[in-house]
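*Asks:* Show me the folded form of this:
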Amino acid sequence: MHNLIDGYNVIFAVPALEEALDREDMETARAALVAALASHKDTSRQEFTVVFDGKTQEGEGVEHEYPLKESRGGVSVIFTKGITADDEIVRLVSASRHPRNICVVTSDNKILRAARSSGCRTATPREFYDRITRPPGRAGKSGKTRAGSRAEPAAKYHGVPEGEVNYWLRRFRAEWNKDKDKDKKS
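*Replies:* A predicted model of the protein is given here:
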């Protein structure tokens with residue numbers, strides 16, 4: 001699955017990322033989003049492309065040329081030039097040969113309409129961010145975990161405790177020995 005992410009839309013929709021923005025600057029929030037994506041990429045077979053509106057950034061004496069395409073931690077990062085990030089995402093969706101293998105992450109109606117009409121999957125920023133930052137095996141909204149449903153004990157998936165194994169071994173050995181003694185007497 002290839003996830004195509006509306007970067008600023010996600011940053012302003014996810015409280016943890018928006019807090020990073022409030023504390024520092026836009027680059028801190030972008031870096032936090034890309035770091036979360038890169039971390040999830042390490043544990044999944046998914047690809048991530050995050051698209052930001054590209055504007056000349058002045059800071060620390062560095063100006064970037066746009067459009068800018070780079071890879072950060074295995075995540076493709078695109079800063080647009082001359083068009084909005086929204087238009088770039090719509091263009092990428094339209095140009096895709098396999099739109100059913102794309103999940104577009106945004107709450108922007110224009111992008112959602114284009115994605116759905118092309119056959120892409122969609123996800124809201126918060127739902128997506130929760131999914132990629134949730135520890136493996138933790139229950140989500142559906143109540144499901146990687147191991148099974150919420151009603152099932154977690155121990156079911158971690159083997160039987162040693163004390164319980166020993167209890168049943170003693171119990172079965174006692175029964176087996178009783179049966180063995182009966183057979184000898186017969």
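*Asks:* now the strand or helix carrying R173, how far from the centre of its chain.
*Replies:* Taking DSSP states H and E as the definition, R173 sits inside helix 162-185. Between the centre of helix 162-185 and the centre of its chain there are 49 Å (Cα atoms, centre = their mean, to the nearest Å).
*Asks:* do stretch 79-94 as well
*Replies:* Distance of stretch 79-94 from the chain centroid (Cα atoms, centre = their mean) equals 23 Å.
*Asks:* Please export the C-alpha coordinates of it as PDB.
*Replies:* Provided in PDB are the C-alpha atoms of stretch 79-94 (Å, rounded to 0.1, in the frame of the first residue of the first chain):
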ATOM      1  CA  PHE A  79       7.600  20.300  -1.600                       C
ATOM      2  CA  THR A  80       5.600  21.800  -4.500                       C
ATOM      3  CA  LYS A  81       6.400  24.800  -6.700                       C
ATOM      4  CA  GLY A  82       3.800  26.700  -8.700                       C
ATOM      5  CA  ILE A  83       0.900  24.500  -7.600                       C
ATOM      6  CA  THR A  84      -0.600  23.700  -4.200                       C
ATOM      7  CA  ALA A  85       0.100  20.400  -2.400                       C
ATOM      8  CA  ASP A  86      -3.600  19.700  -3.000                       C
ATOM      9  CA  ASP A  87      -3.200  20.000  -6.700                       C
ATOM     10  CA  GLU A  88       0.000  17.800  -6.600                       C
ATOM     11  CA  ILE A  89      -1.800  15.100  -4.700                       C
ATOM     12  CA  VAL A  90      -4.700  15.100  -7.200                       C
ATOM     13  CA  ARG A  91      -2.100  15.000 -10.100                       C
ATOM     14  CA  LEU A  92      -0.300  12.000  -8.500                       C
ATOM     15  CA  VAL A  93      -3.600  10.200  -8.000                       C
ATOM     16  CA  SER A  94      -4.600  10.800 -11.600                       C
END
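*Asks:* in it, what counts as buried?
*Replies:* 79-80, 84-90, 92-93 (16 or more other Cβ atoms under 10 Å). In short, each C-beta sits where N, CA and C put it, glycine included.
*Asks:* who touches it?
*Replies:* Stretch 79-94 is contacted from outside by 4, 6-8, 49, 51-54, 64, 66-69, 78, 99, 102, 104, 106, 108, 110-111, 114-115, 118, 120, using Cβ atoms under 8 Å, 6 or more residues apart in numbering.
*Asks:* try 7 Å this time
*Replies:* 4, 6-8, 51-54, 66-68, 78, 99, 102, 104, 108, 110-111, 114-115, 118, 120 (Cβ atoms under 7 Å, 6 or more residues apart in numbering).
*Asks:* and the helix holding R173, what's its mean pLDDT?
*Replies:* Average pLDDT, helix 162-185: 71.
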